[in-house]
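In: Coordinates for the following, if possible.
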Amino acid sequence: MTAAVTEDTWTPRLVNRTALITMVVMLFAWSIDYIDRFSISMALPSIGHEFGLSKTSQGWLVTVFALVYMACQIPAGFLADRYGSRKPMLCTLVLWSVFTAMTGIAGTFGTLLVVRGLFGVCQGLFPAASFKAVAERTTPANRATATGVMLSASGIGAGLAPLIVGPLLMAIGWRHTFFWMAGCGAAIGIAVWAMLPKALPARLSSLSDAATAAPQVSRAQVLRSPLVWKFTLLFCVTNMLSYGLVTWVPSYLLEARHLTLSQTGVLAAIPMLVSLGTTILGGWLFDRYFHDKGRWYLGSIALLTVVLLILMVSASTTTEFTVYETLAVGLFSMATMSVFGLPLRVLPPSVIGLGAGIMNFGGQIAGAVAPLAMGWLADSFSYTAAFGFLIVTTLITAVVAFWVPQNATEFTFAPAGPK
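Out: Numbers count the residues shown, from 1 in each chain. The predicted structure follows:
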């Protein structure tokens, strides 16, 4: 048996080892999350054909999940701070697999909407708990790197989902695909949860390199903080791009470019797999060079991404479209940790669940708005208009980036009110 870890045994080597294991474990957990979540995008054409749905109605299958998921973020933050990270994570890892299986049972469009909403409740507990798990097991100096590794799972999930789901849809149909994924997800999820290491002592996880955060910050202070809500808005406009592309690029390639499911799976996977590496790189760059220059870093990347998206929309061939999409997604993913990096450095681990829940609430507004808005634009106008929506929101990201604080000295909390 492994000897118990005491306060005196936390050597720098053990601290780094804890951070490394946490990064790997959370990377796998979030990968399962994203594969389950993004699989619906690959299945949308098949589901739409079976139920006779318009693109707007298909968009609702993504949006209803996002609305419920969004509503759960702030309550999930309170739960994570109250009960810790492990119990909420275990609940969500098991229950979201249950509702993945139930997706394949749904006999009507209405039932499918309800199931996807319940799926959103289950997964809604996960992000706040996972951010808290990372905060408890890392120091502020390496927290953006660790979180960047965790969030790079969006590239793994969105990249692997088309490669896994496309062949399954062709071989066994969309219903049995969700059954297969539910079983695998539950088994892997529980195994990953069991491997999560012991949390660091508070004296290590709460150190502040700028000493600007108050030793005790209450949940009420976090909830009322205008700066936290500014970062929430920033994550909202930033997240429009990933949700929009993941939801509608597969349908665009199938319907506008007339590709097969297998071809669509490969091309849809490429940009997301590239984002895996660039998200991790962005976290390291933020920790190493840009933790005090976040607004310039994010603003510059957003403007360059706008140029690449314009080239993507005007591409005349499928190859050009995929190349520019890959460059845009890869570049923009480098900026992810400039959104989360500063709040995760400043917020104490005791309230990190709530802080992350509030920020992720903003990100899920994007998940609710982008699929539905782009579906309506594609129905009413064209896919070009739908992708134009992403150009506008990415440009807004560059503007909002210069509205938020960019270093720890600018990130302060109002004094706590009378008890």
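
In: When you work out contacts or count neighbours from here on, use the C-alpha atoms and nothing else.
Out: OK.

In: neighbours around Glu320, how many?
Out: When neighbours are counted by other CA atoms under 10 Å, Glu320 registers 15.

In: Who are the contact partners of the closest residue to it other than its chain neighbours?
Out: In space, and not counting its chain neighbours, Glu320 is closest to Met312: 7.0 Å by CA to CA, 6 or more residues apart in numbering. By CA atoms under 8 Å, 6 or more residues apart in numbering, Met312 lies in contact with 320-325.

In: shaky segments in the stretch 201-350 of the chain?
Out: 202-215 (pLDDT under 70).

In: Can you show me the helices along it?
Out: 202-205, 219-224, 226-255, 261-285, 294-313, 318-333, 336-346 (DSSP state H, counting those that start in this stretch).

In: Make JSON lines out of those helices and add distance to Ser54.
Out: Formatted as JSON lines, the helices of the stretch 201-350 of the chain follow (distance: least, CA to CA, whole Å):
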{"stretch": "helix 202-205", "distance to Ser54": "49"}
{"stretch": "helix 219-224", "distance to Ser54": "39"}
{"stretch": "helix 226-255", "distance to Ser54": "12"}
{"stretch": "helix 261-285", "distance to Ser54": "19"}
{"stretch": "helix 294-313", "distance to Ser54": "23"}
{"stretch": "helix 318-333", "distance to Ser54": "24"}
{"stretch": "helix 336-346", "distance to Ser54": "33"}
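
In: follow-up on the earlier one: hmm, which of the contacts of Met312 are the buried ones?
Out: 321-325 (16 or more other CA atoms under 10 Å).

In: Sort out which one of those lies nearest Leu79 for me.
Out: Glu325 (37.8 Å; CA to CA).

In: I'd guessed that closest one sits against Leu308; true?
Out: Yes. Using CA atoms under 8 Å, Glu325 is in contact with Leu308, at 7.3 Å.

In: Check the helices of the stretch 201-350 of the chain for me and report the most buried one.
Out: Among the helices of the stretch 201-350 of the chain, helix 336-346 has the highest mean neighbour count (mean count of other CA atoms under 10 Å), at a mean of 26.

In: How about residues contacting that one?
Out: Applying CA under 8 Å, 6+ apart, the external contacts of helix 336-346 come out as 135, 140-141, 143-144, 147-148, 208, 212-213, 228, 231, 234-235, 279, 282-283, 286-287, 290-291, 294-295, 297-298, 352, 355, 406-408, 411.

In: Likewise for stretch 270-280?
Out: Under CA under 8 Å, 6+ apart, the answer for stretch 270-280 is 145, 148-149, 151-160, 322, 325-327, 329-331, 333-337.

In: what mean pLDDT would you report for the helix or strand containing Phe131?
Out: According to DSSP states H and E, Phe131 maps onto helix 126-136. Across helix 126-136, pLDDT averages out at 86.

In: for the stretch 51-200 of the chain, which spans come out with low pLDDT?
Out: Applying pLDDT under 70 to the stretch 51-200 of the chain flags the ranges 155, 158-159.

In: Let's see the pLDDT reported for Met1.
Out: 39.

In: Turn the buried ones among the contacts of Met312 into a markdown table, columns for distance to Val94.
Out: Below are the buried ones among the contacts of Met312 laid out as a markdown table (distance: CA to CA, whole Å):
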| residue | distance to Val94 |
| --- | --- |
| Phe321 | 38 |
| Thr322 | 35 |
| Val323 | 37 |
| Tyr324 | 38 |
| Glu325 | 34 |
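
In: Of those, just say which sits nearest to Ala191.
Out: Distance to Ala191 across those (CA to CA) is lowest for Glu325, with 34.6 Å.

In: what residues are up against the closest one?
Out: 271, 308-309, 312.

In: I'd like those residues as JSON lines, with distance to Arg37 appended.
Out: Listed next are these as JSON lines, based on distance: CA to CA, whole Å:
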{"residue": "Pro271", "distance to Arg37": "17"}
{"residue": "Leu308", "distance to Arg37": "26"}
{"residue": "Leu309", "distance to Arg37": "24"}
{"residue": "Met312", "distance to Arg37": "25"}
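
In: Tell me how many other residues surround the residue lying closest to Asp379 once chain neighbours are set aside.
Out: Distance criterion CA to CA, 6+ apart; nearest residue to Asp379, sequence neighbours excluded, is Lys55 at 6.3 Å. Around Lys55 there are 22 other residues, counting by other CA under 10 Å.

In: Quick check: phi and psi on Lys55?
Out: phi -60, psi -30 (degrees, to the nearest 10).

In: separation between it and Val313?
Out: Using CA to CA, to the nearest Å, Lys55 is found at 19 Å from Val313.

In: before we move on, what about Val392?
Out: Val392 sits 13 Å away from Val313, going by CA to CA.

In: Same check on Thr22?
Out: 39 Å.

In: can you check Val192 too?
Out: Separation of Val192 from Val313 (CA to CA) stands at 39 Å.

In: just Val134 next, same as before
Out: For Val134, the distance to Val313 - CA to CA - is 38 Å.

In: for Ala186, same thing?
Out: Distance, Ala186 to Val313, using CA to CA: 39 Å.

In: same check, this time on Ala101
Out: Taking CA to CA, one finds Ala101 at 36 Å from Val313.

In: How about Gly299, nearest residue that isn't a chain neighbour?
Out: Leaving aside its chain neighbours, Gly299 sits nearest to Ala398 (4.3 Å; criterion: CA to CA, 6+ apart).

In: Which other helices and strands does the helix or strand encompassing that neighbour contact?
Out: Taking DSSP H and E as the definition, Ala398 sits inside helix 383-401. On a contact count with 3 or more CA pairs under 8 Å, 6 or more residues apart in numbering; DSSP states H and E, helix 383-401 meets helix 226-255, helix 294-313, helix 352-380.
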